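Trainee: give me a 3D structure for the following:
(2 chains)
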2 protein chains.
Amino acid sequence: MSVDRTLHHFPLDPASRQARLALGEKRLAFDEAVVRYWEQPKDFAALNPSGLTPVLVERSGGEPVTVCEARAILEHLEREYPEHDLLGSEPGDRAEARRLMQWFDRKFDNEVNAYLLHEKLEKRLLKMGAPDLYAMRQGRDALRLHLVYLEKLLLARDWLAGRRLSLADFAGAAHISVLDYFGDIPWRDFPGVKTWYMKVKSRPAFRPLLTDRWPGLAPASHYDDLDF
Amino acid sequence: MSVDRTLHHFPLDPASRQARLALGEKRLAFDEAVVRYWEQPKDFAALNPSGLTPVLVERSGGEPVTVCEARAILEHLEREYPEHDLLGSEPGDRAEARRLMQWFDRKFDNEVNAYLLHEKLEKRLLKMGAPDLYAMRQGRDALRLHLVYLEKLLLARDWLAGRRLSLADFAGAAHISVLDYFGDIPWRDFPGVKTWYMKVKSRPAFRPLLTDRWPGLAPASHYDDLDF
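Mentor: Next up, the predicted model:
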């Protein structure tokens, strides 16, 4: 049965990007509804009371299924569409992929995004005034420590969680690509991370993310360059 | 084949409690290793580089499988031990359970625990001095809003995610039980939440949590009372 599918998302939200990448890799067509989440739209709060993106709505005849936020969406897609498996077949592979997904969605988000993205993106959207230079520096210092960790992982691995592309790569690439939009990744110092990111960036599923633009926020010049 | 299973956890950590409840409900025996995570023990960092509890290690003959943090552990248990299913059989049920798990682990954690538990628990463990009264008040105000939301949900539902006990109930009860240890839940104002919590609290899987004590931190007098 054909499925009518809509993803409610914000283009520069790392969680939304993970859902778009997983849908793309699984070749699942979907309509897009862009959510200006910082304006707290009421129709979106009715879909997801937390007000956070992304939300996936699927209809295939009966009642629509509403799946709120990346954690639930990614697990939903793995279970309902097991072709193009993105978690791995062994318990250890799945545990490692989910460990890294959590690493990005919690640790990286708290230590890097809460400073850098808050200052550069959210403050612009919310018209909260100029970025705080001290907070930005704190975010950049934490980012560097995370990149050191990823560089070390990628010395011994083809992909973040091991030998195969997984949702861990999409989690990492989703977070890093938004910071890269703002020109914040010091690529020169992390050649292993750069090689890995070029591989993820050249997947067909990644292409739509490279065309994302937000009014008033121009991306860094190399943002959509596959050979940066 | 018999499985040798160890959970590395901290008794007053809400994420650890979720893993203990799921293991208990599925009647899976496990050894316990208590982690003093704030002392950043090196042997634990070798298991989980983020340094966060809980970590489950399972051995059944070959290489041990190490599963880091609640998100990965709970999904691992659901997949490997599907008897006593805790997510539901329908995609919509699973999405609703995971929405609420994320609600507690991110929103509740950021808005309530980051203030209340930080001031009352972490500052004690880390010897960081007296709690900040303003921060505690901010946490208590946020807690009240969350309880209002739960009370509304439970007006129409037997369990948090719907008609059946699920991991959403364990996520909620894990967070709320730690705050209840410190006497911070205003039970009188939330009769629906109280009835639900009494039901979760009386599950056999919950019993070990009621005997948790930490030196120098006495629980509220009603903490282990099933009929409080």
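Trainee: show me where chain A has helices.
Mentor: A:14-25, A:42-47, A:69-80, A:91-102, A:116-117, A:123-125, A:133-155, A:167-181, A:191-201, A:207-210 (DSSP state H).
Trainee: mind putting the ones you listed into CSV with distance to B:Thr211?
Mentor: C-beta coordinates here come from the backbone N, C-alpha and C atoms, glycine included. Formatted as CSV, those follow (distance: least, Cβ to Cβ, whole Å):
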stretch, distance to B:Thr211
helix A:14-25, 38
helix A:42-47, 41
helix A:69-80, 31
helix A:91-102, 29
helix A:116-117, 43
helix A:123-125, 47
helix A:133-155, 38
helix A:167-181, 37
helix A:191-201, 46
helix A:207-210, 50
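Trainee: ok, which of those helices comes nearest B:Arg59?
Mentor: Smallest distance to B:Arg59 across these (Cβ to Cβ): 11.7 Å, for helix A:91-102.
Trainee: and that closest one with chain B, contact?
Mentor: Yes. Interface with chain B: helix A:91-102 contributes A:91-92, A:94-95, A:98-99, A:101-102 (Cβ under 8 Å from any Cβ of the partner chain).
Trainee: and what of stretch A:59-79?
Mentor: Yes. Using Cβ under 8 Å from any Cβ, stretch A:59-79 reaches chain B at A:63, A:65-69, A:71-72, A:75-76, A:79.
Trainee: got a ChimeraX select line for the buried ones in the residues you listed?
Mentor: Applying 16 or more other Cβ atoms under 10 Å in any protein chain shown to the residues of stretch A:59-79 next to chain B leaves a buried subset, and the ChimeraX line that selects it is:
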select /A:65,66,67,68,69,71,72,75,76
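Trainee: of the residues of stretch A:59-79 next to chain B, closest to B:Arg163?
Mentor: Nearest to B:Arg163 among these: A:Glu63, at 15.2 Å, using Cβ to Cβ.
Trainee: not counting its neighbours along the chain, what's nearest that closest one?
Mentor: Counting by Cβ to Cβ, 6 or more residues apart in numbering or on different chains, A:Glu63 lies nearest to B:Gly92, which is 7.3 Å off, once chain neighbours are set aside.
Trainee: same check, this time on A:Ala205
Mentor: A:Gly24 (2.9 Å).
Trainee: pretty sure the one you found sits against A:Leu210.
Mentor: No. Assessed by Cβ atoms under 8 Å, A:Gly24 is found out of contact with A:Leu210, at 11.9 Å.
Trainee: more neighbours: which of these two?
Mentor: A:Gly24 (19 against 14; other Cβ atoms under 10 Å in any protein chain shown).
Trainee: from chain B, how far off is that one?
Mentor: Distance, A:Gly24 to chain B, using Cβ to the nearest Cβ, to the nearest Å: 20 Å.
Trainee: pLDDT score for that residue?
Mentor: Note on A:Gly24: pLDDT of 98.
Trainee: how about A:Ala97?
Mentor: 98.
Trainee: ok, how many other residues are close to A:Leu117?
Mentor: Around A:Leu117 there are 22 residues (other Cβ under 10 Å).
Trainee: what sits against it?
Mentor: A:139, A:178-179, A:182 (Cβ atoms under 8 Å, 6 or more residues apart in numbering or on different chains).
Trainee: go with 10 Å
Mentor: A:12-14, A:109, A:123, A:139, A:175, A:178-179, A:181-182, A:184 (Cβ atoms under 10 Å, 6 or more residues apart in numbering or on different chains).
Trainee: returning to that earlier point: any of the residues of helix A:91-102 next to chain B buried? List them.
Mentor: Using 16+ other Cβ under 10 Å, the buried members of those are A:91-92, A:94-95, A:98-99, A:101-102.
Trainee: what residues go with each domain of chain A?
Mentor: A:4-80, A:91-210 (automatic domain parsing).
Trainee: what would the ones you listed look like in JSON lines with distance to B:Asp4?
Mentor: Listed next are those as JSON lines, based on distance: least, Cβ to Cβ, whole Å:
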{"stretch": "domain A:4-80", "distance to B:Asp4": "27"}
{"stretch": "domain A:91-210", "distance to B:Asp4": "15"}
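Trainee: export the buried ones among the residues of helix A:91-102 next to chain B to JSON lines and tack on distance to A:Asp158?
Mentor: Below are these laid out as JSON lines (distance: Cβ to Cβ, whole Å):
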{"residue": "A:Pro91", "distance to A:Asp158": "20"}
{"residue": "A:Gly92", "distance to A:Asp158": "16"}
{"residue": "A:Arg94", "distance to A:Asp158": "17"}
{"residue": "A:Ala95", "distance to A:Asp158": "18"}
{"residue": "A:Arg98", "distance to A:Asp158": "19"}
{"residue": "A:Arg99", "distance to A:Asp158": "17"}
{"residue": "A:Met101", "distance to A:Asp158": "18"}
{"residue": "A:Gln102", "distance to A:Asp158": "21"}
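Trainee: and these, which is closest to A:Ala19?
Mentor: Of all those, A:Met101 has the smallest distance to A:Ala19: 12.2 Å, by Cβ to Cβ.
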